Structure formats: C-alpha cells, structure tokens
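Peer 1: coords please:
(chains A and B)
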Amino acid sequence: MLKMSTLFLRTLRDDPADAEVASHRLLVRAGYIRRIAAGIYSWLPLGYITLRNIERVVREEMDAAGFQEVHFPALLPQDAYKETNRLAEYGPNLFRLQDRKGGAYLLAPTHEEMFTLMVKSEYSSYKDLPLSLYQIQTKYRDEARPRSGIIRGREFVMKDSYSFDLTDEGLDVSYNKHRIAYVKTFDRLGMRYNIVKAVSGAMGGSRSEEFLAPCPTGEDTYVLCESCGYAANVEAMKSTVNAVDGSGVAPMQIVDTPNTPTIDTLVEVLNVNFGGGFTGADTLKNVLLVADGKNIAVLVPGDREVDLKRLQANLPGVEDLRLFEDADFAKNPLLVKGYVGPQRAQEFGLTLYADPRVAPGTSWVTGANQRNQHALNVVNGRDFFVDEYVDSAEVRRGDPCPECATPVVIDRAIEIGHIFQLGRKYAQALELTVLDGDGQSRVVTMGSYGIGVSRAVAAIAEQTHDELGLNWPEEIAPAQVHIIATGKEDLPFDTAVALGVSLEALGRTVMLDDRRDASAGVKFKDAELIGNPIIVVVGKALVEGKIEIRVRKTGERLEALLEQAPAVISGLLK
RNA sequence: CGGGGCGUAGCGUAGUGGCUAGCGCGCCUGCUUUGGGAGCAGGAGACCGGGAGUUCGAAUCUCCCCGCCCCGACCA
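Peer 2: Predicted coordinates:
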C-alpha cells in the first residue's frame, strides 16, 4: 500500500514554466518525473511505478506470444555498427565515447546488430528457426531537438524485438505474430491507436506499419479513410491519378508573362491577359533539387507544395536532398529561376520526376525557360517526358483515398510502435547464415519491432488527461484505488487502512492518503491530479457506516456500506 | 543547424542603474482549522545561469559563453 504520509512525492500547484504539452506539464506537476537536462528525465516513485506497469504489460504480451526476453548492455563497442554502416547513418545522433584505453564505444540507439550477432554465435541450422527475441532497454539518441518532455527524449526506454526466419514466408508469419501481440498490448494499455502503412525507406524490406496514437501534440501526420479504414503515414500515402487523353489539346503556346516568378503572380497575369478561370491548380510547379549531388526536377500542381520528407521517403537510396539555392542557379544558367519548365529537362541534364497528379495527358501552364515567359497547353507525354513518377506533393485533407476514393482526413499522432520487415540487410552485413535442409548456407531474414515504453507513458497521459489532471487506465495507474481519509479523528484513518487491506486481499493495488496535516481539499486535488481510476473517500459518510466512491474518468459518485465497500469497489474494476 | 523567446529560493514570479532583492505556493515552529489547494504569528531558504567589461554604484547596460523552451530543418 502506497501511503502518502511517507511517499516520496511533492506535487506542484503551478505548471512548470518549461513544460508546454499536457503530458509533460502534468507528469511534472503530479510528481512523476523531473527534468535533468534537455530530453533526459528522472523517474520519481509514482512515475517509475507507472513505467514499470507498462513494461509489465508489454513483457506479458511478448512472453505470451512466445518471444524470449534477453538483455544487452546499452554501452557497446562501435565495431558492429561500423560493419553495418550505421555509425555513418546515425551520424551526430549517436552518443559516442571512449574507454580509458582509447577504445571506441557508443550508447546504443537500437540493437539490430547485437541481436544479429547473438543469434549468429549460438545458432547455425534452419532447424533452430523461426526465433523471436526481445529486450526492454534504455536507448540513447542525441536528438537535434528533444521536445515535448518524455515524448521525444535523448534517453528513452524501448522494447525492441527481432525475428529470424529462413524464408520470406516465415518472415510474414513472424511479422503477423508481432502485429497481433502489439494489438493486444496497446489494447491492454488502454490506448486509442491506428495501424498505419509506413514507408520501408532506405533499409529496404517489404512491409512496415506504425502504431500511431492520435493526439494533437503528436509529431506524425497520417491520413485516414473513415470509409474503408485505409490509414497511412503521409509519406506512404499513394495518390492514384489516371492518365487522360490529351490529344485534343491545342498546340503549346509561348506567351509573355512579365514579372511572374511565383505561382500567385502568374495566375493573376493569366487571368488578366489570357481570359479568366485560371487557378494555381492549372499551373505546373517545377521544383529543382539536388539529390546526393545530382540535379533533379520535381513536378507538382502549382497549388501544392513539394513535401520534402515524402519525396525523400519515396526516392530510395537518396541520403541528402535539398532545394536549389542561388549558387546552384548560378552554376546552371539555362535554368531560369521562376520560369523553369519541364520541356527541355533532359537536355538540361535534369532527371524529371513527377507527382502522380501530373498524370500522362494532362495539360498545364508552366515556365518557358525564358525570363518573363510561360507556356500554355503543355501536355505531359507530348511536350515533356517524365522519367519517373514519385509521390512528392503535400497531402491534404480531402484527397481521395487510394483504395476507395473517399476523401481522407488528416490527423496528428504519436508513434508508439513500429513493426518492420528488415529483410536480409543486417544478416548479410554481419554474415548471419544457417544451413538449410540441403546443407546449403542461407542468409537469414529478419524483422524488427519496437514499442516506445517511456513514450507510452506520455502518449497515454496525452490521450487520457482532463482539466483536473492525469487519468490513467487501470492497468497502468500507480494504484487502482486511491483512498482518502479525511477529518481529524482516528476512526476514518483506521477505517481507510482496513479498507485498503481488504482491497489488497482482493488483488487490488491501493494508494492511501493518510496525511494528517493536509486538508480535505488538498487531498481531493492531489488525487485528481495523480489520476488513479477509483477515488474512495472515507470521511463524513462514515456516521452512516458508508464510504464514498468516485470514478475518476466519468466523475460518477456513489456510496457504499462499509462492509460491502471492497466488493463494490473491486466490481468497478476489470 | 536556422529563426524566436527565456534564465531571480524547491516551484511560479515582481523588480529597466541607487537603501538590507519583493511577493505567492511549498518548507520549519507554535496556536487555531479539517469535505474542495485553510487562518494568524514567527522563521529558514537566492554569490539574481557563468565570465569579462562599462560605472562611484550592475539582477538591471555591453560583449562572450552556458543552459532551457517553442517553430522549422533533422529524426523513432
């Protein structure tokens, strides 16, 4: 029983000045966490109990799925990460350090390498597969910008699992087992979430999904089709636009459009000089970029921006992507800033990418590659030729669902889990092979699966809090029942202790506010701030032999006779 | 890394060159109080983020550094 008279806890009446998002504010105010440095937090008793409750649920579900728990050090030699090139890939995001002999170490940002090597050193036969291992470990990433309290820290607790299979079909099975285990886990954690298609990215691999907890303070943007259930990270959203017949379009025509370097100025001049009815959507925007040192052009409708994240995610292998700068224009005098058109892209040495919205046969107004001139009736496939179609335009609310064409909604969310078919990249690099039934050496295929455990504390707080404070689901609250004793006599305090003992005998976790010097008001406020699901008040109603029960989530209040109280309270919980 | 904001007691804050740096919460002592962050009285707690400078005099002005928060770039 957690007794508040001795609990190491100090709640704050005021919001901390350096906390903005609700989870951060409330976790600090309620005495769960304290900041040590940017993105680095200490856990006080209430916070640590909550964190361990989440760990417990995660562990139980992983074990139930037949995955086996191991544990690696957070402090590791750099060697393995060198072999997989992740030292370079992580760059400055990696905490690096030296031992006294000058040996190169790091604080692990994730553990693919170590798991791969561990399996390699123990197993060598296909008969040992499939295998899934996991750990719950502290990870370190030197984020450029830690933010939102515990949502994005530089030190965080993560559950990471890895599956090992001989075949692609086996990987699918392992992947699906993890997916099911994750659904069970997040359901038990009382979270609202969507399973969303994600981009596999440079790591390769065929399948990747994110578990996103919708929340306005989240960092991820995703699209959701409320009709068919399609959900995707904006980067992974597919636009489906069909080719049209452009054969009837009048020939391309070059017109003078003085001082129209932007879409807005162009549309204005078009409407004044060339008849009305033009909008930004009729124009074609030619965005010039440098991709790993190579000049490329991306075509999007003029009323949309290029989403750089989305573009990069859909250009596999490209590591460095940036917009053209003045210096780049200076080096390429044929490319006229503000008047670039795709008509001579290949001639100019540009690889021409187009968003699918710029479909074959569509006709556009675009730059004429001459200052102060634009071209009308520029038809894709007749007047310019796209090298490759790539989803790159910003995604908007109302865009058609790729599965059923219903307008999609866009929402923000916190990523709480990610399941990912890694394929053979790590096994190949670190030579994890097994012998198959024919005695042939085969590279193992892997999956990697993560749950942000400490982040889940914040995500749940974000989703469940109200204006009074935190408001935990019962599986993870510091205690299921929060008993408050009021008054100055011994009776309510003794009664509260006895009630707590009875509840614990029924398997319930109990927190008891037995502070003699705190007023009832303080105890009520603290109980609401701390956010345990059931608040029991032992006080005034005691003269009638009753206690008062309040359900934190609903605000519902009821009374129970003392002798029936344990059963009644317990009955309110799962 | 670019842009913006901020750094005064455990927390929230006032104080734009001039007395001993003020207030609220919290903390300690005593009395009173005990169903919605109680009252009175007394008290402890701050080299005003650090350094250098300007000045008779700096929390306050200047420069440098450090730290924190927000937006963006980046990133799970």
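Peer 1: Give the bridge partners for the residue positioned nearest the centre of chain A, please.
Peer 2: Residue closest to the mean C-alpha point of chain A, counted by Cα atoms, centre = their mean, is A:E415 at 2.0 Å. According to DSSP bridges, the partner residues bridging A:E415 are A:L212.
Peer 1: now stretch A:353-366: how far from the chain's centre is it?
Peer 2: Chain-centre distance of stretch A:353-366: 32 Å, with Cα atoms, centre = their mean, to the nearest Å.
Peer 1: How about stretch A:33-41?
Peer 2: On the basis of Cα atoms, centre = their mean, stretch A:33-41 is displaced by 21 Å from the centre of the chain it belongs to.
Peer 1: Between the two ends of that stretch, what distance do you get?
Peer 2: 6 Å (Cα to Cα, to the nearest Å).
Peer 1: what mean pLDDT would you report for it?
Peer 2: On average, the pLDDT along stretch A:33-41 is 93.
Peer 1: Pull the residues that contact it.
Peer 2: A:18, A:27-28, A:42-44, A:47, A:143, A:146-147, A:149-150, A:152-155 (Cβ atoms under 8 Å, 6 or more residues apart in numbering). In short, each C-beta sits where N, CA and C put it, glycine included.
Peer 1: For A:R322, see how far away the closest residue to A:L7 other than its chain neighbours is.
Peer 2: Leaving aside its sequence neighbours, A:L7 sits nearest to A:P45 (Cβ to Cβ, 6 or more residues apart in numbering; 6.3 Å). In this view, A:P45 and A:R322 are 48 Å apart by Cβ to Cβ, to the nearest Å.
Peer 1: more crowded one of the two?
Peer 2: A:P45 (14 against 10; other Cβ atoms under 10 Å).
Peer 1: Quick check, pLDDT for the more buried one.
Peer 2: pLDDT at A:P45 comes out at 96.
Peer 1: And A:V386, how far from A:L299?
Peer 2: Per Cβ to Cβ, A:V386 is found 7 Å from A:L299.
Peer 1: Next, show the common contact partners of those two.
Peer 2: With Cβ under 8 Å, 6+ apart, A:V386 and A:L299 have common neighbours A:342, A:352-354, A:358.
Peer 1: Among the contacts of stretch A:33-41, which lie within helices?
Peer 2: A:27-28, A:47 (DSSP state H).
Peer 1: For the residues you listed, which single residue is the most surrounded?
Peer 2: For those, the largest number of neighbours (other Cβ under 10 Å) sits with A:L27, at 28 neighbours.
Peer 1: Can you tell me the closest non-neighbouring residue to it?
Peer 2: A:I33 (4.8 Å).
Peer 1: follow-up on the earlier one: by neighbours, which of the contacts of stretch A:33-41 wins?
Peer 2: Among those, A:I150 has the most neighbours (other Cβ under 10 Å), with 30 neighbours.
Peer 1: Excluding chain neighbours, give the residue nearest to that residue in space.
Peer 2: Distance criterion Cβ to Cβ, 6+ apart; nearest residue to A:I150, sequence neighbours excluded, is A:A458 at 4.3 Å.
Peer 1: Dihedrals phi and psi, that neighbour?
Peer 2: Dihedral angles of A:A458 (phi, psi; degrees, to the nearest 10) stand at phi -70, psi -40.
Peer 1: OK, contacts around it?
Peer 2: Neighbouring residues of A:A458 by Cβ under 8 Å, 6+ apart: A:23-24, A:27, A:148-151, A:414.
Peer 1: need the residues of the stretch 151-300 of chain A near RNA strand B, please.
Peer 2: Where the stretch 151-300 of chain A comes near RNA strand B, counting by Cβ under 7 Å from any atom of the strand, the residues are A:152, A:219-220.
Peer 1: Please narrow these to those residing in strands.
Peer 2: Counting by DSSP state E, the part of these found in strands is A:D220.
Peer 1: Can you convert the residues of the stretch 151-300 of chain A next to RNA strand B into JSON lines and add a column each for distance to A:Y182 and pLDDT?
Peer 2: What follows is those, written out as JSON lines (distance: Cβ to Cβ, whole Å; pLDDT from 0 to 100):
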{"residue": "A:R152", "distance to A:Y182": "21", "pLDDT": "93"}
{"residue": "A:E219", "distance to A:Y182": "20", "pLDDT": "88"}
{"residue": "A:D220", "distance to A:Y182": "16", "pLDDT": "89"}
